[in-house]
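Asker: 3D model of this:
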Amino acid sequence: MGKRAAVLCGAAVLVAGTVTAVPAQARATHPVESAPAAPLTWKQCGTEKYPTLQCTSLKVPLDHTDPRGRQISLALSRVPHTAKKYQGPLLVNPGGPGGSGLVLAGYVASALPKAVAAQYDVIGFDPRGVGKSKPALNCRPGHFAPVRPDSVPSTARTEQANLLRAESFARACAEKYPDVLPYIDTISAVRDMDRIRKALGARQINYFGYSYGTYLGAVYAKLFPERVRRAALDSVVDPTGVWYEDNLAQDVAFDDRHRAFLAWVAKHDATYRLGTDPARIEAKWYAMRAALAKKPAGGKVGASELEDTFVPGGYYNGFWPYLAEAFAAYVNDRKADPLVEAYKRFGASDASDDNSYSIYATVQCRDAAWPRDWDRWRADNRAVYRKAPFMTWNNAWYNAPCAYWPTDSLRSVDIANKKLPPVLLFQATDDAATPYQGAVTVHRQLARSSLVVERGGGNHAVTLGRNTCLDRHLAAYLADGTVPRGTGTVDAVCEAQPDPKPKSSKSTATAARGAELHELLGFRP
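Answerer: Numbering: from 1, shown residues only. Prediction:
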């Protein structure tokens, strides 16, 4: 999965109309199925890090209401169980939408306690259109190539340049994949998951999803409640804001998280020499942004690319030392190379990212209604930008193809559910990509769920990231279904891990280990 994998979150339109009724495949709990598939044939595809990984592929209908029609291919991975006690398949998803889950299966199997992981077949998959699944979408290669127009539309010319990019991306998707786009959405992906269950010969699945993967899991549970054995959801999407409102809420939360980073820089003035007043350091950051808008660093890092580079710091504070070092080098020493290197690591896109973004846009634009009138976007984003300037317009343009999307929209799914076994939710209080209220909302909507909170935590995706308290709850749940039960909104509290130290040999090694998960998940919910 690429670094920009898809956070969550008017000019003319390509196709008139906005919202249609939920299609038949969403309304019918179980559409007609084709004959049972042949058993899956797994082949070794292990890596040096994950040597036990196995891979295969599975044919599924493009249109689940036409099971004998055109078939597409899903790429699957597996770390097989080794214990005598077998608890079935554990499907894992990294979020996005657009994230590849093939390697995540290896990570999850290795990060869980060995005795727990050994009881499951840990199953990764590339959702339809993603990665090694076929067809894999890439609507407009190089869409994020530098240097892009400044994200902040301070002039009509800049706004029009960004609008043209958004419209061009939507048009490219329409021209390259006209027969596929109507079937790239969360509901179709959920139907695929049940085909995976069937191909595995399992009556029920266990599920573990991060970020958008929490919404994917909740929608699966809504459509197939009797087929859910256990489900753990980490960094929970607010289903009531899918997807326009959720992205606006992200903007405010990411601004808060960026200021937390600047406050951390202020605490380490001895290292970074940017001062001890967070407000003045913030002013220096925006002065750097203004300078890069006029003269991009290395001909690559303009204002928009700078935002791309620093957004990952909102997902994971283990990246803060690298970002602070590049920031300080540019401001204090007029050195652009560290900033360019940081951009290459955290902000630059490759073909994998182009694929991830194509699916991100396709799913988000298809899943729910978006405003088709650009005047609405402009007014809403201006209002948010006044209080949260860091990411607002960058995020607006990331999602702007939805104003021009060539397919009609579905209705978002009401995930409220009283038919499930206990579900375990994990949430950091200061998560920017999926703000805290989303987890509270889902906790209320899933009748038998338990909510574990990382108090004071600002990272996105918090389990299997070295917080032993959180990981104990996850391991206990997967081992025997144990969930904490509290008397209020929160069922259990774990304290956040300390913020990182400036780079040193020890902190660099720790950050490298901690960064592995977040680089697998990507930097857009």
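
Asker: Would you agree residue 476 is in contact with residue 482?
Answerer: Yes. The pair residue 476 / residue 482 is scored as a contact, 4.3 Å apart, by C-beta atoms under 8 Å. From N, CA and C alone the C-beta is placed, and that goes for glycine too.

Asker: Give the helix, strand or coil label for residue 78.
Answerer: Here residue 78 is recorded as strand under DSSP: H, G, I helix; E, B strand; the rest coil.

Asker: Spatially nearest residue to it, not counting backbone neighbours?
Answerer: Take residue 78 and drop its neighbours on the chain: the residue closest to it by C-beta to C-beta, 6 or more residues apart in numbering is residue 54, 4.7 Å away.

Asker: Dihedrals phi and psi, the one you found?
Answerer: Dihedral angles phi and psi of residue 54 (degrees, to the nearest 10) take the values phi -120, psi 160.

Asker: residue ranges with poor pLDDT in the protein?
Answerer: When residues are selected by pLDDT under 70, those of the chain lie in 1-38, 504-514, 524-525.

Asker: could you point out which element follows the lengthiest helix in it?
Answerer: Of all the segments assigned as helix in the chain under DSSP state H, the longest by residue count is helix 244-267. For helix 244-267, the succeeding helix or strand toward the C-terminus, using DSSP states H and E, is helix 269-272.

Asker: Could you export that following helix as PDB, CA atoms only?
Answerer: Provided in PDB are the C-alpha atoms of helix 269-272 (Å, rounded to 0.1, in the frame of the first residue of the first chain):
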ATOM      1  CA  ASP A 269      14.000  23.800  21.300                       C
ATOM      2  CA  ALA A 270      17.500  22.600  22.300                       C
ATOM      3  CA  THR A 271      17.400  20.300  19.400                       C
ATOM      4  CA  TYR A 272      15.400  22.200  16.700                       C
END
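
Asker: what inclination does whichever helix or strand comes after that helix have with respect to helix 244-267?
Answerer: Toward the C-terminus, helix 269-272 is succeeded by helix 278-294 as the next helix or strand (DSSP H and E). Between helix 278-294 and helix 244-267, the angle comes out at 110 degrees (axes from the mean of the first three to the mean of the last three C-alpha atoms, to 10 degrees).

Asker: which parts of helix 278-294 are buried?
Answerer: For helix 278-294, the neighbour count (16 or more other C-beta atoms under 10 Å) marks 278, 281-282, 284-285, 288-289, 291-293 as buried.

Asker: Contacts for that helix next, please.
Answerer: The contact list for helix 278-294 (C-beta atoms under 8 Å, 6 or more residues apart in numbering) reads 150, 259, 262-263, 265-266, 274-275, 301-303, 305-307, 327, 330-331, 389.

Asker: show me what contacts residue 420?
Answerer: By C-beta under 8 Å, 6+ apart, the residues touching residue 420 are 221, 225, 228, 231, 446-449.

Asker: any idea how far residue 191 is from it?
Answerer: 19 Å (C-beta to C-beta, to the nearest Å).

Asker: try residue 180
Answerer: Distance, residue 180 to residue 191, by C-beta to C-beta: 15 Å.

Asker: who has more neighbours, these two?
Answerer: A count of neighbours by other C-beta atoms under 10 Å puts residue 191 above the other of residue 180 and residue 191, at 25 against 17.

Asker: my read: the more buried one touches residue 63, true?
Answerer: No. Look at residue 191 against residue 63 with C-beta under 8 Å: they stay out of range, at 9.7 Å.
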